[in-house]
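Colleague: Okay, here's the prediction I keep looking at, along with the sequence it came from:
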Amino acid sequence: MAAIRAAQLGFKVACIDSFERGGKPALGGTCLNVGCIPSKAMLDSSEKYEMILHEAADHGIQVQGASIDLNKMLARKDSVVEKMSGGVTFLFKKNKVASLHGLGKLERQEGDTWIVSVAGTEVAAKNVIVATGSSPRSLPGVQFSERIVENSGALTLPEVPQKLGVIGAGVIGVELGSVWRRLGASVTVLEALPGFLMAADAAISKAALREFQKQGLDFHFGVQIGAIQDTGSSVKVTYTENGQDVQAEFDRLIVAVGRVPHTAGLGAEAVGLQLDERGFVKVDGHFRTNLKGVYAIGDVIGGAMLAHKAEDEGVALAEQLAGKAGHVNYDAVPWVIYTSPEIAWAGLTEQEATKRGLKVKTGQFPFTANGRATGHGDTRGFVKVVADADTDRILGVHMLGGGVSELIAEAVSVMEFGGSAEDLARTVHAHPTLSEAVKEAAMAVDKRAIHA
Ligand code: NAD
């Protein structure tokens, strides 16, 4: 995004990227190649399978003998990635962004120009943007292998494991745990924290946990992981739960315990690029590092590790470099977890707002009272609006339900304009749509929801 926007604004741009897929250069980074895009393809395929198995009959559709062709499912996922990656190649050509394959290393500064080496050649640039992302964090002494996998390995398992272990009940844990459970694995999730999705609004995480447990995901909270051993035919995990030592054995283990900034090979130390104590590149409010002409954005500077946060930082920075007023509103960055039901939110949770000393009022509306959701046959979840009790300004919107990944955009727009619950409540929403639940939740802030 930074490269394309900078090129649109008249900069001469080269984008250096070392990512390879199947031994060939592949544009799009982690999100497109081994993250957001392929995981959503697998979530969609596995959800369709689950729909055929468990929901089609309710719609009067009889399907006999449904089965999975995992190779085909994986190949479809790969073709989705291929298409999207080709799209980036096309956009680079269209915008005249030069694409250079290899690891980029900051070599030295000559006057006000930086020299960056890539694949044996040197490139000179006035401005350098470091957007090197993040890599999966492992646990001490644990090597990723065919059986102990991180996000990319978890998207290419060659068969559906009978017993799948997942360490970390975060975003990757629940998304990929859901994929393999739907395809037939028995899934155990081991989480260090005492509760589920503690960053989400408590009402949402409580209801979501209930849904996921109903589906058969076996969660264990407050565990302490001990030894992990890949035996070649299984993975043995020792952990402590409620003071008891437990031994578990899985066919495969997904380790999804967060990500760490990726700066290997960048030459940060040699040129004196400042990193913080956790290895993130230090920047100021305008993405400037301590080195003149070197900027950084995305996962490598910390904050929410979300592709859309990084994209908007890239656009904002390109605009700032062009003398425009690029800006990212971190208070209105949406979070989405693509499980079934989906989870989406933006802004403050009720708990966080209260902790900050704000007086809040909230409104909640369940999908059971929404006509479209009833027609879909999926009435799980609800929408919750958190507003300032004095000004009515929306502080946060929280959703659990089918399709809420799309509904959250409306809430973000209203928040971006500093809108109130009443603004949302007085906006006409098409009937029958799921979006009416957002309007009714906003109406419920003033206790005037119509349908509940
Ligand atoms: P995460 O931060 O979402 O979750 C990691 C979980 O692992 C946490 O709940 C943490 O408490 C737990 N954990 C940490 N150490 C542990 C240990 N030793 N034992 C047991 N549990 C432990 O990280 P993730 O799921 O690995 O995802 C990585 C990043 O990628 C996140 O920042 C996430 O936001 C991003 N991501 C986003 C999406 C999305 O937006 N839908 C999808 C995938 C990944």
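Modeller: Perfect, thanks for sending it.
Colleague: Could you check which residue of the stretch 1-150 of the chain lies nearest the ligand?
Modeller: residue 139 (5.5 Å; CB to the nearest ligand atom). In this view, the C-beta of every residue, glycine as well, is placed from N, C-alpha and C.
Colleague: Give me the phi and psi for that residue.
Modeller: phi -100, psi 160 (degrees, to the nearest 10).
Colleague: Check the one 3 residues further on too.
Modeller: The phi and psi torsions at residue 142 (degrees, to the nearest 10) take the values phi -100, psi 120.
Colleague: tell me which parts of the stretch 51-200 of the chain are close to the ligand?
Modeller: 139, 167-173, 175, 190-193 (CB under 6 Å from any ligand atom).
Colleague: hmm, 5 Å instead?
Modeller: By the rule CB under 5 Å from any ligand atom, the part of the stretch 51-200 of the chain lying against the ligand is 167, 168, 170, 171, 172, 191, 192, 193.
Colleague: Mind checking which of those are in helices?
Modeller: Among those, the residues falling in helices (DSSP state H) are 171, 172.
Colleague: Name the member of the residues of the stretch 51-200 of the chain next to the ligand with the most neighbours.
Modeller: Neighbour counts for those (other CB atoms under 10 Å) peak at residue 167, which has 25 neighbours.
Colleague: Hmm, residue 225 and it touching each other?
Modeller: Yes - using CB atoms under 8 Å, residue 167 is in contact with residue 225, at 6.1 Å.
Colleague: overlap in contacts of those two?
Modeller: 139, 190, 237 (CB atoms under 8 Å, 6 or more residues apart in numbering).
Colleague: PyMOL command for the buried members of those?
Modeller: Buried residues among those (16 or more other CB atoms under 10 Å), as a PyMOL selection:
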select buried, resi 190+237
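Colleague: Quick one: residues in contact with stretch 152-164.
Modeller: With CB under 8 Å, 6+ apart as the test, stretch 152-164 has contacts from 33-34, 38-39, 42, 68, 70, 74, 77, 144, 146, 149, 172, 176-177, 180-181, 183-188, 249-254, 256.
Colleague: Please check those and keep the buried ones.
Modeller: 33-34, 38-39, 42, 74, 77, 149, 172, 176-177, 180-181, 183, 185-188, 250-254, 256.
Colleague: Which positions within stretch 2-19 qualify as buried?
Modeller: Going by 16+ other CB under 10 Å, stretch 2-19 has these buried residues: 2-9, 11, 13-17, 19.
Colleague: Do you know the pLDDT at residue 280?
Modeller: Note on residue 280: pLDDT of 98.
Colleague: Ignore what I typed, I meant residue 243.
Modeller: Here, the pLDDT recorded for residue 243 equals 96.
Colleague: all helices of the stretch 201-350 of the chain, in order?
Modeller: Under the criterion DSSP state H, counting those that start in this stretch, the stretch 201-350 of the chain contains helices at 202-215, 268-271, 307-321, 350-355.
Colleague: which among the residues of the stretch 51-200 of the chain next to the ligand gets closest to residue 209?
Modeller: The closest of these to residue 209 turns out to be residue 191 (CB to CB; 10.7 Å).
Colleague: mind checking how far the closest one is from residue 239?
Modeller: Applying CB to CB, to the nearest Å, the value for residue 191 to residue 239 is 10 Å.
Colleague: Report the central residue of the chain.
Modeller: Nearest to the mean C-alpha position of the chain, by CA atoms, centre = their mean, lies residue 306 at 5.2 Å.
Colleague: looking at the helices of the stretch 201-350 of the chain, which is closest to residue 390?
Modeller: helix 350-355 (12.3 Å).
Colleague: list the buried ones in the closest one?
Modeller: Neighbour-count burial for helix 350-355 [16+ other CB under 10 Å]: 350, 352, 353.
Colleague: and residue 264, how many residues sit next to it?
Modeller: Count around residue 264 with other CB under 10 Å applied: 10.
Colleague: ditto for the one 10 residues further on
Modeller: As a burial measure, residue 274 scores 12 neighbours (other CB under 10 Å).
Colleague: Quick one, grab the pLDDT at it.
Modeller: 98.
Colleague: What residues does it make contact with?
Modeller: 281, 282, 289, 290.
Colleague: most surrounded residue in the residues you listed?
Modeller: Busiest of the contacts of residue 274 [other CB under 10 Å] is residue 281, holding 27 neighbours.
Colleague: Would you check how far apart the closest residue to the ligand within the chain and residue 332 are?
Modeller: Here the chain gets closest to the ligand at one residue, residue 170, 1.7 Å apart by CB to the nearest ligand atom. Distance, residue 170 to residue 332, using CB to CB: 22 Å.
Colleague: Using the three-state scheme, assign the residue lying closest to residue 347 once chain neighbours are set aside.
Modeller: Among residues not flanking residue 347 along the chain, residue 396 sits closest, at 3.3 Å (CB to CB, 6 or more residues apart in numbering). The three-state label given to residue 396 by DSSP: H, G, I helix; E, B strand; the rest coil is strand.
Colleague: Ok, residue 380 next?
Modeller: Residue 380 - assigned by three-state DSSP - is coil.
Colleague: Please verify my assumption that it contacts residue 399.
Modeller: No - with contacts defined as CB under 8 Å, residue 380 does not count as touching residue 399, sitting 11.2 Å away.
Colleague: Just want to know which of those two has more residues nearby.
Modeller: residue 399 (30 against 19).
Colleague: Confirm that that one sits in a strand.
Modeller: Yes - the assignment for residue 399 is a strand, going by three-state DSSP.
Colleague: So in terms of bridging, what pairs with it?
Modeller: residue 344, residue 383 (DSSP bridges).
Colleague: wait, isn't it in contact with residue 408?
Modeller: Yes - using CB under 8 Å, residue 399 is in contact with residue 408, at 6.2 Å.
Colleague: Can you spell out which helices and strands pack onto the longest helix seen in the chain?
Modeller: When the chain is parsed with DSSP H, its longest helix is helix 70-94. Using 3 or more CB pairs under 8 Å, 6 or more residues apart in numbering; DSSP states H and E as the contact test, the elements touching helix 70-94 are helix 2-8, helix 29-34, helix 36-54, strand 98-101.
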